[in-house]
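Asks: coords please:
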Amino acid sequence: MAGTGGIPKPVEWLDGVPINGSTPAQNIARGIALAPQGNRVFDELTVTENLEIGAFPLPKSERKARIAEALGMFPALRSRLLQEAGRLSGGEQQMLALARALVPKPKLLMLDEPSLGLSPDLVGSVFEKLTQINGDTGVGILIVEQKVREVLNICHRVYSLRLGRLAFEGEAEELRGDKEKLRQLFL
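Replies: Alright, predicted model coming up:
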């Protein structure tokens, strides 16, 4: 990594291809999907319409099958297909956001604060589902999350940033039982 003024310039790669400066369409084509924090769904659109947005980059011949696969991962959404997404509970909206991101079968699923606004029970359910998705589909999952202990229970590798710099890189197992190291990195 080289940069100017002593600040390293990162080079990000996916499957040997640099992704710096890529457009969202290029990222989707390369297999990167994002489920953002906060307002995760298109409130005034139905569940079906939200899923169709996730399928938009796909060939028309694949869209229905991919939506059906995503609904298979989140069967609770099947009974809500005609409902406006904004009327779903927080947990249901999170399921819809994840399903929409999974429709194009990404290689890498990026999640920004997937626990935001969820009850503790739902947080556990979401993290269990992420573990299942990773195991069943092999999709890589990158999680940015404040609930460090919960994520440590499901992740394989940890990258901790402090003031924009890498403070720790290693196996999650290294941190799970080290309260002092956790305190140094995350407090």
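
Asks: buried sites along stretch 89-97?
Replies: 91-97 (16 or more other CB atoms under 10 Å). (C-beta placed from N, C-alpha, C; glycine too.)

Asks: Next, the spatially most central residue of the chain: secondary structure please.
Replies: Residue closest to the mean C-alpha point of the chain, counted by CA atoms, centre = their mean, is residue 111 at 2.5 Å. The three-state label given to residue 111 by DSSP: H, G, I helix; E, B strand; the rest coil is strand.

Asks: With residue 185 as the reference, measure out to residue 80.
Replies: 39 Å (CB to CB, to the nearest Å).

Asks: returning to what we had before: what's the closest of the buried residues of stretch 89-97 to residue 130?
Replies: Residue 130 has its nearest neighbour among these in residue 94, at 10.6 Å by CB to CB.

Asks: Okay, strands next: where are they in this protein?
Replies: Remark: strands assigned in the chain by DSSP state E are 13-14, 17-18, 32-35, 108-112, 140-144, 157-162, 165-171.

Asks: mean confidence score for the third one?
Replies: What it means is strand 32-35. Averaging pLDDT along strand 32-35 yields 91.

Asks: which other helices and strands contact it?
Replies: Strand 32-35 sits against helix 90-102, strand 108-112, with contacts defined as 3 or more CB pairs under 8 Å, 6 or more residues apart in numbering; DSSP states H and E.

Asks: Quick one: closest of these to residue 20.
Replies: Closest approach to residue 20 among the helices and strands packed on strand 32-35 is made by strand 108-112 (15.1 Å; CB to CB).

Asks: Next, the angle helix 90-102 makes with that closest one.
Replies: Going by axes from the mean of the first three to the mean of the last three CA atoms, to 10 degrees, strand 108-112 is angled at 150 degrees with respect to helix 90-102.

Asks: Touching strand 108-112 from outside, list them.
Replies: Residues from elsewhere that reach strand 108-112 (CB atoms under 8 Å, 6 or more residues apart in numbering): 14, 31-37, 98, 101-102, 130, 133, 139-145.

Asks: tell me the angle of that strand relative to strand 140-144?
Replies: Using the same axes, to 10 degrees, strand 108-112 lies at 20 degrees relative to strand 140-144.

Asks: now could you export just the CA positions of strand 108-112 as PDB?
Replies: Only the C-alpha atoms of strand 108-112 are listed here, as PDB (Å, rounded to 0.1, in the frame of the first residue of the first chain):
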ATOM      1  CA  LEU A 108     -19.500 -11.400  -0.800                       C
ATOM      2  CA  LEU A 109     -22.400 -10.100   1.400                       C
ATOM      3  CA  MET A 110     -21.500  -6.900   3.200                       C
ATOM      4  CA  LEU A 111     -23.700  -6.000   6.200                       C
ATOM      5  CA  ASP A 112     -23.700  -2.700   8.100                       C
END
